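Colleague: Here is my input; please provide its structure:
(2 chains)
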Amino acid sequence: QQKVQQSPESLIVPEGAMTSLNCTFSDSASQYFAWYRQHSGKAPKALMSIFSNGEKEEGRFTIHLNKASLHFSLHIRDSQPSDSALYLCAVANSGTYQRFGTGTKLQVVP
Amino acid sequence: GGIITQTPKFLIGQEGQKLTLKCQQNFNHDTMYWYRQDSGKGLRLIYYSITENDLQKGDLSEGYDASREKKSSFSLTVTSAQKNEMAVFLCASGTGGAREQYFGPGTRLTVL
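Modeller: Numbering: from 1, shown residues only, chains lettered A, B, ... in the order given. All right, here's what the predicted structure looks like:
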């Protein structure tokens, strides 16, 4: 059974800093890797996703995937207080559901 | 764009009571999901359905039943509510496992 773990569990960073969030998975056949963001009391919302090894950048957010290491990460450049949220990584095979990680709670302080 | 609605927003029940949560989506997505989220943690899959009248068990299906009466709606029943399953229950829909999922606002369950 696929195991998806996130680190760190929580993180406090100053405004303007670079934030790095990590996700490891156990099934090397995984094909889809995504990050979701959930603000307090709100629904999770997809942030970005990647299918193949390498990196993908969208604005201040970059996702890195290294399938051989069973690891992908999310990097937030110039972190803002509005980025404070619970970040969830998700991994899927070719099947019909995603398996979610344990979550990283990010707080960006002014 | 579409929307997912969940009812009720807050659900309070007695220990041992049978409780039903409802979810509706207008994205016209084939696949719908029920997750449980304990106290700001990750999401655990309870049930999912890939089409009307289909049901697939997730990792946490023990103690729950589900029903997909039509494409747009997916219900979850807590068969005998327990205090240790107080959580937020999230419904989601999508076009498949390797695609973005869209979530509803959740139902917060309290068991007295």
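Colleague: Neighbours of the nearest residue to residue B:75 once chain neighbours are set aside, how many?
Modeller: The shortest distance from residue B:75 to any non-neighbouring residue, by CB to CB, 6 or more residues apart in numbering or on different chains, is to residue B:67 (4.7 Å). All C-beta spots, glycine's among them, are computed from the backbone N, C-alpha and C. Residues within reach of residue B:67, counting by other CB atoms under 10 Å in any protein chain shown, total 15.
Colleague: what sits against residue B:67?
Modeller: B:55, B:74, B:75, B:77 (CB atoms under 8 Å, 6 or more residues apart in numbering or on different chains).
Colleague: taking those residues one by one, which sit in strands?
Modeller: When DSSP state E is applied, those are split such that B:74, B:75, B:77 fall in strands.
Colleague: Select only the buried ones of the residues you listed in PyMOL?
Modeller: Only the buried entries of the ones in strands among the contacts of residue B:67 go into this PyMOL selection, using 16 or more other CB atoms under 10 Å in any protein chain shown:
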select buried, chain B and resi 74+75
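Colleague: between the ones in strands among the contacts of residue B:67, which is nearest chain A?
Modeller: Closest approach between these and chain A, by CB to the nearest CB: residue B:74, at 13.6 Å.
Colleague: Specify the beta-bridge partners of the residue nearest the centre of chain B.
Modeller: In chain B, the residue lying closest to the centroid (CA atoms, centre = their mean) is residue B:34, at 3.0 Å. Counting by DSSP bridges, residue B:34 is bridged to residue B:47, residue B:91.
Colleague: Direction included, what does the helix or strand containing residue A:90 pair up with?
Modeller: Using DSSP states H and E, residue A:90 sits within strand A:85-92. Within its sheet, strand A:85-92 is paired with strand A:32-38 (antiparallel), strand A:99-100 (antiparallel), strand A:104-109 (antiparallel), according to DSSP bridges.
Colleague: Break down chain B into its strands, ranges please.
Modeller: B:4-7, B:10-13, B:19-25, B:31-37, B:43-49, B:56-57, B:64-70, B:73-78, B:87-94, B:102-103, B:107-111.
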